[in-house]
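> mind looking at a prediction? Sequence and model below.
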Amino acid sequence: MSENSSVRIGLGPDPIQIDGHVNFLRGAEGGAIDIFLGTTRRRTNGKETVLLSYEAASELAVAELSRLIEETRSRWPVLRTVVFHRTGPVSVSEISVFIGVATPHRSDAFEACRYLIDELKKRIPIWKQETFADGTTDWVEGTTPDID
């Protein structure tokens, strides 16, 4: 994990510890914290999912996440940022990604957090393989942000 007084970036196989990340985001100057938690859903396109497996080009991913966070901080008044993404297997209902931002006001927090997850999906070298109940697998493209 990479961390300084206002940014925490992590990639790894360990379950995401929400409380620690939320405490990192809290501060007297912030008036808003927005958090996105991405979880493994049970069904995709009518098929039952049993597991997601993530692979990452770790050094490249951390470097690009750092650039993405700096870009976000130049667009919104972000006080603190956390981006943590799991690698390896992630079971149904487990958290695979934590994105959190602290800003003085809620509208900036919402916009910055949405921007981070959408850009992460498009730009960061993290790949996802879905394993279905019938034993088949499928690599998932990450180039289009969710719009639902």
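Here it is on my side, so go on.

> quick one: the helices in the protein?
18-25, 58-75, 106-123 (DSSP state H).

> for the second one, which positions count as buried?
Of the residues in helix 58-75, those buried under the neighbour-count criterion (16 or more other Cβ atoms under 10 Å) are 61-62, 64-65, 68-69, 72-73. Heads up, the C-betas are built off the backbone N, CA and C, glycines and all.

> so who does the residue lying farthest from the centre of the chain touch?
When distances are taken from the C-alpha mean of the chain, residue 134 lies farthest, 28.0 Å away, according to Cα atoms, centre = their mean. By Cβ atoms under 8 Å, 6 or more residues apart in numbering, the residues touching residue 134 are 47-48.

> in JSON lines, list the helices of the chain along with distance to residue 100 and mean pLDDT.
Shown next, in JSON lines, are the helices of the chain (distance: least, Cβ to Cβ, whole Å; pLDDT from 0 to 100):
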{"stretch": "helix 18-25", "distance to residue 100": "5", "mean pLDDT": "96"}
{"stretch": "helix 58-75", "distance to residue 100": "11", "mean pLDDT": "97"}
{"stretch": "helix 106-123", "distance to residue 100": "7", "mean pLDDT": "97"}
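
> closest to residue 93 out of the ones you listed?
helix 18-25 (13.7 Å; Cβ to Cβ).

> can you name every helix or strand that the closest one contacts?
Secondary-structure packing of helix 18-25 (3 or more Cβ pairs under 8 Å, 6 or more residues apart in numbering; DSSP states H and E): strand 32-39, strand 80-86, strand 95-103.

> please redo it, this time with the cut-off set to 6 Å
Here helix 18-25 touches strand 80-86, strand 95-103, going by 3 or more Cβ pairs under 6 Å, 6 or more residues apart in numbering; DSSP states H and E.

> keeping just the C-alphas, turn stretch 67-81 into PDB.
Provided in PDB are the C-alpha atoms of stretch 67-81 (Å, rounded to 0.1, in the frame of the first residue of the first chain):
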ATOM      1  CA  ARG A  67      -1.800  10.100 -11.800                       C
ATOM      2  CA  LEU A  68      -5.500   9.600 -11.800                       C
ATOM      3  CA  ILE A  69      -5.800  10.800  -8.200                       C
ATOM      4  CA  GLU A  70      -3.700  13.900  -8.900                       C
ATOM      5  CA  GLU A  71      -5.900  14.600 -12.000                       C
ATOM      6  CA  THR A  72      -9.000  14.300  -9.800                       C
ATOM      7  CA  ARG A  73      -7.400  16.600  -7.100                       C
ATOM      8  CA  SER A  74      -6.800  19.200  -9.800                       C
ATOM      9  CA  ARG A  75     -10.500  19.200 -10.800                       C
ATOM     10  CA  TRP A  76     -12.200  19.100  -7.400                       C
ATOM     11  CA  PRO A  77     -11.100  20.300  -3.900                       C
ATOM     12  CA  VAL A  78     -10.300  16.800  -2.700                       C
ATOM     13  CA  LEU A  79      -8.800  16.700   0.800                       C
ATOM     14  CA  ARG A  80      -8.200  13.000   1.100                       C
ATOM     15  CA  THR A  81      -8.500  10.000  -1.200                       C
END
